[in-house]
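Novice: could you work out the structure for the sequence below:
(one chain, ligands or ions: 1)
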Amino acid sequence: MIKALLFFWLLLLSTAVVADANVAAVEESPSEPFTWPGGAQLAVSLSYDDALNSQLDNVIPALKKHNFKASFYIVPNSPVINARMAEWRATVKDGHELGNHSMYHPCRASLPNREWVPAHHDLDSYSVGQLVEELTLANTFLKAIDGKLERTYTVPCGDLLVDGQEYLSEISHLFTAIKGHGADKRFSPIIYPEGETGEELIDYIRNASSETLLVNIVFHGVGGDYLSVSSKAHAELLAFLANNRDSFYVDSYINLMKYAANKQ
Ligand SMILES: [Zn+2]
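Specialist: Numbers count the residues shown, from 1 in each chain. A predicted model of the protein is given here:
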C-alpha cells in the first residue's frame, strides 16, 4: 500500500515537472505582435446603446459616409424598436451589428442617481435565473430580426451583481464576447462619452496605451436624446478615423472579437 502511494506521488511529481517544462517552452518562443487586418495595431469599436432615435437619424448617415461598420446594442422593450423596426432591420443590411443589451435594461436601483429605474426593472430584485432567461430571450428576439446565431453583449448600466451575486459567469455561454469583460484585457478598455468635443474624443484614441489593442467607445445619444455628444463631435471623430485607416482599424465589435479569437 505504501509503495503504491509512493508511486502515485512520484507520478504526480513527474507530471508537474513536464507541465512546467511545457509552460517554459511556450514562454520562450517569440510570439508575433498582434495586428488587425491591414496591419493596424489599434482597433476602434464604435457602439451605440439603448436603441435611440438620434442613432437612426444622425449616426447611421454619418457611418455610411465613411463606410464604417458599428454595433447597436438595442433594447427590444424600447418604443423606438417597435416604431422604427424597418430601419433597424436596414442597419443589418448595411453591415452593422445588433447586439444584446437585455430585453428591459434592468439596473440596480440602489445605486446613486438611479431614481429612473422602475421597481419592476430593478436588478436588485432580480434573480440570476431570471436574467439568464431575459438575455436568452433577447438573443431570440434579435435572431428574429437579423437571423444571426452569434451575438455580443453590453452590460446594462455596467452592473455586474444580481441580488448580490456576480452573474457574467452564468451567461458567457450565450455570447461570442462581452464588452469590457474578456479574459484578455488588451481588448477591454471602454469609454462612455458624454458632452466631449471631437478633439477630446480623438485624444482618447491617440492616448490609448501601447498595450491596448481595442478601444471600445460606447455612445448613447448623438445630436439628441441623453448621455449625448454633438453630431459635430461625432463627425469629427469619424473623419479622424477615416483619415487614419492605416493606424486605426474600425469594424463592428463582433467582427473584431471573432478576428481576434481566430488569430490568437
Ligand atoms: Zn444601456
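Novice: which residue, neighbours along the chain excluded, lies closest to the spatially most central residue of the chain?
Specialist: In the chain, the centroid-proximal residue (CA atoms, centre = their mean) is K179; its distance is 2.5 Å. Closest residue to K179 apart from its sequence neighbours, by CB to CB, 6 or more residues apart in numbering: T154 at 4.5 Å. Glycine gets a C-beta too; all of them are placed from N, C-alpha and C.
Novice: in the stretch 51-200 of the chain, which residue sits closest to the ion?
Specialist: P156 (4.9 Å; CB to the ion).
Novice: pLDDT wise, what is that residue at?
Specialist: With respect to pLDDT, P156 scores 97.
Novice: pretty sure it is touching H101, no?
Specialist: Yes - using CB atoms under 8 Å, P156 is in contact with H101, at 6.0 Å.
Novice: the more surrounded of the two?
Specialist: Set P156 next to H101 and count neighbours by other CB atoms under 10 Å: H101 wins out with 26 against 21.
Novice: wouldn't that one be in contact with C157 here?
Specialist: No - at 10.2 Å, H101 does not count as touching C157 under the criterion of CB under 8 Å.
Novice: now I217, what's its secondary structure?
Specialist: strand (DSSP: H, G, I helix; E, B strand; the rest coil).
Novice: now do the same contact list for the nearest residue to it once chain neighbours are set aside.
Specialist: Leaving aside its chain neighbours, I217 sits nearest to I191 (5.0 Å; criterion: CB to CB, 6+ apart). For I191, the contacting residues are Y204, V215, N216, I217, V218, by CB atoms under 8 Å, 6 or more residues apart in numbering.
Novice: distance of I191 from R206?
Specialist: 12 Å (CB to CB, to the nearest Å).
Novice: ditto for K179
Specialist: 22 Å.
Novice: neighbour count, distance to I254 and pLDDT for the contacts of I191 - can I get that in a markdown table?
Specialist: Listed next are these as a markdown table, based on neighbours: other CB atoms under 10 Å; distance: CB to CB, whole Å; pLDDT from 0 to 100:
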| residue | neighbour count | distance to I254 | pLDDT |
| --- | --- | --- | --- |
| Y204 | 16 | 22 | 97 |
| V215 | 21 | 16 | 98 |
| N216 | 21 | 12 | 98 |
| I217 | 21 | 16 | 98 |
| V218 | 21 | 15 | 98 |
